[in-house]
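A.B. asks: 3D, please:
(one chain, ligands or ions: 1)
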Amino acid sequence: MKYSPWSKDAALVVLATLREEEGPVLMALQALQKEFGYVHTESVGLVANFFNKSRADVHGVLTFYHDLRTSPQPENQISVCVAEACQSVGSRQLEKDVKARFGEEVHDGYCFGNCALGPAAMVNGKIIGRATLEKIEKARQ
Ligand code: FES
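C.D. replies: All right, here's what the predicted structure looks like:
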């Protein structure tokens with residue numbers, strides 16, 4: 001997916017589309033991430049000022065939701081489900097192995113709705129059932 005380069009002016013254009021929304025902080029952070037691929041650190045102050053919220057309110061929302069990113073996305077996004085059903089079939093070991101192989105690209109996931117085919121992983125938005133290191137490596141190519 002191609003994202004726009006972050007700039008304060010471009011971020012304000014995104015925020016302006018949400019001016020009339022109620023409870024806009026989460027929507028604003030999601031919209032900024034959709035536009036730029038992540039939520040730039042300066043966005044906290046911009047969103048707070050734009051919607052007359054405290055920086056703490058915006059920071060709280062930003063850090064509560066794990067899907068919101070504060071740095072640009074890596075080339076590949078890999079998540080290994082570590083919820084209970086997948087843990088019972090070895091996802092913690094798979095997660096360790098995947099992190100050792102791919103490092104920063106790997107994040108914890110919490111149930112992809114694919115519990116019957118655990119351990120589950122997600123590579124660039126595609127769910128992999130009965131995931132193995134080999135299947136994940138093949139999917140990221
Ligand atoms: S617990 Fe892993 S996909 Fe549901």
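A.B. asks: domain assignment for the chain?
C.D. replies: Here the domain assignment for the chain is 8-64, 78-139, based on automatic domain parsing.
A.B. asks: so does the lowest-mean-pLDDT helix or strand in the chain get close to the ligand?
C.D. replies: Comparing every helix and strand of the chain by mean pLDDT, DSSP states H and E singles out strand 106-109 as the least confident one, with a mean of 88. No - using C-beta under 6 Å from any ligand atom, no contact is recorded between strand 106-109 and the ligand, whose separation bottoms out at 7.2 Å. Backbone N, C-alpha and C define where each C-beta goes, glycine included.
A.B. asks: The residue nearest to Arg69 when sequence neighbours are not counted: neighbour count?
C.D. replies: Distance criterion C-beta to C-beta, 6 or more residues apart in numbering; nearest residue to Arg69, sequence neighbours excluded, is Tyr38 at 4.2 Å. Residue neighbour count, defined by other C-beta atoms under 10 Å, stands at 17 for Tyr38.
A.B. asks: Helix, strand, or coil at Tyr38?
C.D. replies: Using DSSP: H, G, I helix; E, B strand; the rest coil as the criterion, the local structure at Tyr38 reads coil.
A.B. asks: Return the distance of it relative to the ligand.
C.D. replies: Distance from Tyr38 to the ligand, counting by C-beta to the nearest ligand atom, to the nearest Å: 25 Å.
A.B. asks: Which residue, neighbours along the chain excluded, lies closest to Leu46?
C.D. replies: Of all residues not flanking Leu46 in the chain, Ala11 sits nearest, at 5.6 Å (C-beta to C-beta, 6+ apart).
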